[in-house]
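> My questions concern the predicted model and sequence given below.
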Amino acid sequence: MRRRSRRPSRRQQQRDAQLLAYAAVAAVGITAMVVNWLLTHWWVLIALLVLAALAGVGWLYHRQQRAHWDAVRSQGLRYDLAQLDALHYTRFEDVIRELMQRDGCRDAQRVGGRGDLGADVKATDPYGRRWVIQCKHRRNGAQGSAVGTPDLQVLNGTARQVHGADVAVIVTNGRVTGPAVAFAKQQRLHVVDRQALAVWASGTRPLWELLRAVPPPRRPTSLS
């Protein structure tokens, strides 16, 4: 035989109603306390609103950045090492400028030439950081002469003092000597050697994600 489900008694129904009423009163009381506390400590509410606004701006910025890199990949601006080795050194500087523009540095420009004082490419990244890049192209690639400490010393002497760099970089399709790498670390310079250049030119990530100890952003800017 099918058993009938027991219906709650009237006393049980009254207890449940009382519990609901107590919970409602408690919720109203807690809400009133929170509202009164926020009215007394109004600066906390403003701080929360500011934090929420910053979080929203950060989320929107990162979404725009992802959209930008999706567009970069669809455009297919990339080079392999064989292409880079075959370039004239002036065209190599143009390519470095193009790669910085691809990464979102809209003002990237090639300034190399006589009297460039160690700067071949200048650019401002989407985070407001000023980049000064010295290019060292080797016709024979890894078989060419290695970039040495004197090249880094020129960059170190002018990048920040003369060109106002936040990030000073030397880029080569060749090799870099051990002492030059050590000097770069000591002086907070960045070296993009043949291997790092291959990764950057392939279009997988922007340059600032490939380098260590890059200065923090100056400001977030739109990539749209």
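Here it is on my side, so go on.
> Only C-alpha atoms from now on, for both contacts and neighbour counts.
Noted.
> can I see the domain layout of the chain?
By the assignment in automatic domain parsing, the chain contains the domains 10-73, 77-209.
> By mean pLDDT, show me the worst of those.
Here the lowest mean pLDDT among these goes to domain 10-73, at a mean of 76.
> just checking, next helix/strand downstream of the strand or helix carrying Asn156?
Using DSSP states H and E, Asn156 falls within helix 149-158. Remark: after helix 149-158, the chain's next helix or strand is strand 167-172, criterion DSSP H and E.
> What strands flank that following strand, and is each parallel or antiparallel?
Strand 167-172 has the following strand partners under DSSP bridges: strand 130-136 (parallel), strand 190-192 (parallel).
> Just name the most buried of the ones you listed.
Neighbour counts (mean count of other C-alpha atoms under 10 Å) averaged over each of those peak at strand 130-136, with a mean of 24.
> Of the domains of the chain, which is nearest Pro215?
domain 77-209 (7.0 Å; C-alpha to C-alpha).
> start to end distance for that closest one?
The stretch domain 77-209 measures 18 Å between its terminal residues, going by C-alpha to C-alpha, to the nearest Å.
> can I get the domains of the chain in JSON lines with distance to Pro216?
Formatted as JSON lines, the domains of the chain follow (distance: least, C-alpha to C-alpha, whole Å):
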{"stretch": "domain 10-73", "distance to Pro216": "15"}
{"stretch": "domain 77-209", "distance to Pro216": "8"}
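> Only the buried residues of the helix holding Asn156, if you could.
For helix 149-158, the neighbour count (16 or more other C-alpha atoms under 10 Å) marks Thr149, Leu152, Gln153, Leu155, Asn156, Thr158 as buried.
> can you check stretch 192-202 too?
Val192, Asp193, Arg194, Ala196, Leu197, Ala198, Val199, Trp200, Ala201, Ser202.
> Let me see the contact set for the fifth one.
In this case it means Leu197. Leu197 makes contacts with Val171, Thr172, Asn173, as judged by C-alpha atoms under 8 Å, 6 or more residues apart in numbering.
> Over to the third one?
For Arg194, the contacting residues are Gly141, Ala142, Thr172, Asn173, Gly174, Arg175, taking C-alpha under 8 Å, 6+ apart as the criterion.
> Pick out whichever of those sits closest to Leu211.
Looking across those and measuring by C-alpha to C-alpha, the closest to Leu211 is Thr172, at 14.5 Å.
> about what we covered before: who wins for most neighbours among the contacts of Arg194?
Asn173 (28 neighbours; other C-alpha atoms under 10 Å).
> quick one: that residue and Gln83 touch, right?
No - applying C-alpha atoms under 8 Å as the test, Asn173 and Gln83 come out as separate, 10.5 Å apart.
> what about Ala27, neighbour count?
12.
> how close does it sit to Arg188?
Ala27 is 57 Å from Arg188, by C-alpha to C-alpha.
> same check, this time on His137
22 Å.
> Of those two, which one has the most company?
His137 (24 against 16).
> wait, isn't that one in contact with Ile170?
No - look at His137 against Ile170 with C-alpha under 8 Å: they stay out of range, at 10.5 Å.
> Look up the residues that both of these two are in contact with.
With C-alpha under 8 Å, 6+ apart, His137 and Ile170 have no common neighbours.
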